[in-house]
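Asks: Predicted model, plus sequence, below.
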Amino acid sequence: MSLRAWVFIWSVLLGGVALFSLSLASIVEFRYLWVVFLLLTVLATAAQLFEVSGPNRHAYYPHLVFFTAGALLLPPGLFALLVTIPHLIEWIKKRLEKSTTLAQWYIQPFNIVTHIFAGFSTQWIYHLFEDGGKVLPGPQRLVLIAIIAATYVGINHLMIGLALYFARGISLRQSDLFSKESLLPDYVLSGLGYIVALLWSLDPWLVIPALCPLLVMYQAFKVPQLQQEAQTDAKTGLLNAGAFNKEFEREFERARRFNRPLAFVMADLDFLRNINNTYGHLAGDVVLSGIGKIIRENVRDYDLTGRFGGEEFAIVLPEAGRTEACVLAERIRAAVASNVFSAPSTGSEMRVTMSLGVACYPIDAMNVTDLVLAADSAVYQAKNSGRNRVISIIDLNAATGPQKEQEDRVIDLPGGTEAVPVLDSGVTLLEFLCEDTALSHTVANCNNQLVGLHRCKLPNHSAFYTIMEKDA
């Protein structure tokens with residue numbers, strides 16, 4: 001990360017630690033609230049472990065209900081502990097599962113501190129309006145609920161958004177943290193937290209029916225998750241082709257609108273058909289599943305990954321240039337080459353390699369189609385160069401050098417057919433025929449003659465097919 005990103009993260013962390021330390025001094029004075037604290041901690045910890053993944057890499061947690069209620073019912077010190085304990089348990093759970101989530105040491109402490117800042121700000125606003133036990137009339141209380149929910153959610157999202165901006169160059173608009181889809185669920189949960197705090201003050205037993213809507217909300221939050229599962233390739237866990245193309249278009253449009261870099265990596269497994277032929281298609285599925293896992297473990301949280309075809313994979317890297325993309329591609333290539341897969345029936349060891357091509361916007365292409373074609377050309381060259389390697393289209397163009405201006409050639413077809421121009425590509429027609437026996441038979445069947453054969457040149461097979469079709 002950049003220096004300013006570390007400065008921001010360390011400033012937030014140190015500020016949070018200072019607030020946490022100062023707040024702990026008042027814990028002893030509020031012993032009568034420990035029952036409330038323990039109950040909210042248990043509920044918040046259980047909610048913390050029920051994560052619902054939504055679109056655009058957003059996650060929803062019901063814990064916001066109990067955090068907001070704790071900010072209104074508990075003193076600062078107990079609230080700080082209420083926030084810390086569930087996050088700490090979640091972090092331990094992720095480490096035991098060897099998950100790549102929360103792998104960086106600063107992520108979970110930063111999450112804790114954002115809730116501390118948001119909760120302390122909410123406490124200040126709450127006591128400003130309702131200090132002294134005065135009861136606000138109905139309309140004013142509704143305004144207070146809206147202000148408290150907006151304060152808690154707004155500060156939390158703003159601090160996370162600033163971290164993304166300083167660390168990864170993603171603007172608040174690009175992060176979607178302030179989109180309706182991201183704000184509304186958290187806003188509703190925070191407002192429900194105020195209701196829970198209010199009912200606890202009146203009669204704690206009323207909290208039980210007040211929490212029943214959480215079950216309905218949890219099921220509602222799973223709808224985007226179900227939609228996401230429908231967009232996921234079952235064998236690899238990556239986006240399927242349709243969903244990937246849609247997200248790719250969206251990311252590319254962002255890059256174009258904000259004039260930001262974007263890299264695209266195309267990857268193709270080498271000789272997967274040999275695995276299928278030798279060990280069976282179930283073994284091929286094991287390889288595909290393992291490749292998907294390797295790709296997910298090596299990309300960033302906000303990168304797009306998809307299975308582009310049978311043996312093809314694609315990765316979109318927002319805010320990344322050629323160097324970053326090539327480093328990532330090489331890391332994936334090395335991980336695939338060093339991994340050993342086990343055949344499901346025999347347990348035999350299987351190894352595969354991968355060829356990858358890299359293309360970047362706006363250097364290599366100005367639209368999605370051309371970017372994909374550029375990366376695909378780089379993959380094609382990687383395979384022709386021996387496979388199991390990474391090639392950038394920039395390097396490929398540099399190695400090729402400036403193309404010689406092409407001259408027009410003509411081939412006179414038999415029977416008085418109009419002459420057809422053929423581009424000069426460095427491959428003579430005689431050489432072309434010698435390396436493609438099938439086409440030699442085609443020529444023999446086309447009136448058994450072809451005039452002008454001596455040094456006419458063709459750019460590729462398709463151009464020669466065009467000539468044959470005209471003659472036919």
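Replies: Nice, thanks for sending it over.
Asks: excluding its backbone neighbours, what's nearest L88?
Replies: Distances taken as CB to CB, 6 or more residues apart in numbering place Q108 nearest to L88, at 7.6 Å, with adjacent residues excluded. Where you see a C-beta, it was placed from the backbone N, CA and C, and this is true even at glycine.
Asks: Could you tell me the per-residue confidence at that neighbour?
Replies: Predicted confidence (pLDDT) for Q108: 89.
Asks: Could I get the contacting residues of it?
Replies: H87, L88, E90, W91, L102 (CB atoms under 8 Å, 6 or more residues apart in numbering).
Asks: cutoff 7 Å now
Replies: Neighbouring residues of Q108 by CB atoms under 7 Å, 6 or more residues apart in numbering: H87, W91, L102.
Asks: Just put those residues in JSON lines and tack on secondary structure and neighbour count.
Replies: Below are the contacts of Q108 laid out as JSON lines (DSSP: H, G, I helix; E, B strand; the rest coil; neighbours: other CB atoms under 10 Å):
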{"residue": "H87", "secondary structure": "helix", "neighbour count": "19"}
{"residue": "W91", "secondary structure": "helix", "neighbour count": "18"}
{"residue": "L102", "secondary structure": "coil", "neighbour count": "16"}
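Asks: Out of the residues you listed, which one has the weakest pLDDT?
Replies: Per-residue pLDDT puts L102 lowest of the contacts of Q108, at 73.
Asks: From Q108, how far out is it?
Replies: 5 Å (CB to CB, to the nearest Å).
Asks: Spit out the residues that contact the two alike.
Replies: Common neighbours of L102 and Q108 (CB under 7 Å, 6+ apart) are W91.
Asks: quick one: what helix or strand has T305 in it?
Replies: strand 304-307 (DSSP states H and E).
Asks: how near is A71 to A374?
Replies: A71 is 52 Å from A374, by CB to CB.
Asks: Revised request: answer the last question for P213.
Replies: Distance from P213 to A374, by CB to CB: 51 Å.
Asks: Comparing these two, which residue is more hemmed in?
Replies: A374 (24 against 14; other CB atoms under 10 Å).
Asks: Name the nearest residue to the more buried one, ignoring sequence neighbours.
Replies: A359 (3.7 Å).
Asks: remind me which residues of this protein are low pLDDT?
Replies: Residue ranges of the chain with pLDDT under 70: 26-31, 51-60, 131-138, 217-229, 397-472.
Asks: Strands along that one, start to end?
Replies: 52-53, 59-60, 262-270, 304-307, 312-318, 341-342, 349-350, 353-361, 390-392, 408-411, 420-423 (DSSP state E).
Asks: quick one, which of the ones you listed is nearest to G15?
Replies: G15 lies closest, by CB to CB, to one member of the strands of the chain: strand 59-60, at 24.6 Å.
Asks: re earlier: I'd like the contacts of Q108 as a markdown table, with distance to N245 appended.
Replies: Below are the contacts of Q108 laid out as a markdown table (distance: CB to CB, whole Å):
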| residue | distance to N245 |
| --- | --- |
| H87 | 36 |
| W91 | 35 |
| L102 | 30 |
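Asks: now, which of the residues you listed sits nearest P76?
Replies: Distances from P76 to those, taken by CB to CB, are shortest for H87, at 16.9 Å.
Asks: Quick check: that closest one touching V113?
Replies: No. When contacts are counted by CB atoms under 7 Å, H87 is not listed as touching V113 (10.0 Å).
Asks: pull the longest helix from the chain.
Replies: helix 138-168 (DSSP state H).
Asks: buried residues in that one?
Replies: 144-145, 147-168 (16 or more other CB atoms under 10 Å).
Asks: related to what we said a few turns ago, compare the strands of the chain and give me the one nearest H281.
Replies: Nearest of the strands of the chain (CB to CB): strand 349-350, 12.9 Å.
Asks: Touching that closest one from outside, list them.
Replies: Strand 349-350 is contacted from outside by I275, Y279, A283, V287, V340, F341, S342, A343, using CB under 7 Å, 6+ apart.
Asks: Just the buried ones from those?
Replies: If we count by 16+ other CB under 10 Å, these have these buried: I275, Y279, A283, V287, F341, A343.
Asks: Closest one of those residues to L177?
Replies: Closest to L177, out of all of the buried ones among the contacts of strand 349-350 and judged by CB to CB, is V287, at 37.3 Å.
Asks: Please tell me I have it right and V36 contacts L72.
Replies: No. Between V36 and L72 there is no contact under CB under 7 Å: 10.7 Å.
Asks: So for those two, which residue has more residues nearby?
Replies: Shown here are V36 and L72; by other CB under 10 Å, L72 has more neighbours (22 against 19).
Asks: Next up, the contacts around the more buried one.
Replies: Y126, Y194, A197.
Asks: Once you drop chain neighbours, what's closest to the first one?
Replies: I take that to be Y126. Closest to Y126 by CB to CB, 6+ apart is L72, at 5.3 Å.
Asks: separation between that neighbour and L199?
Replies: Look at L72 and L199: by CB to CB, they are 11 Å apart.
Asks: re the thing from before, distance to G310 added to the contacts of strand 349-350, as CSV?
Replies: Converted to CSV, the contacts of strand 349-350 look like this (distance: CB to CB, whole Å):
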residue, distance to G310
I275, 12
Y279, 17
A283, 15
V287, 12
V340, 22
F341, 17
S342, 22
A343, 19
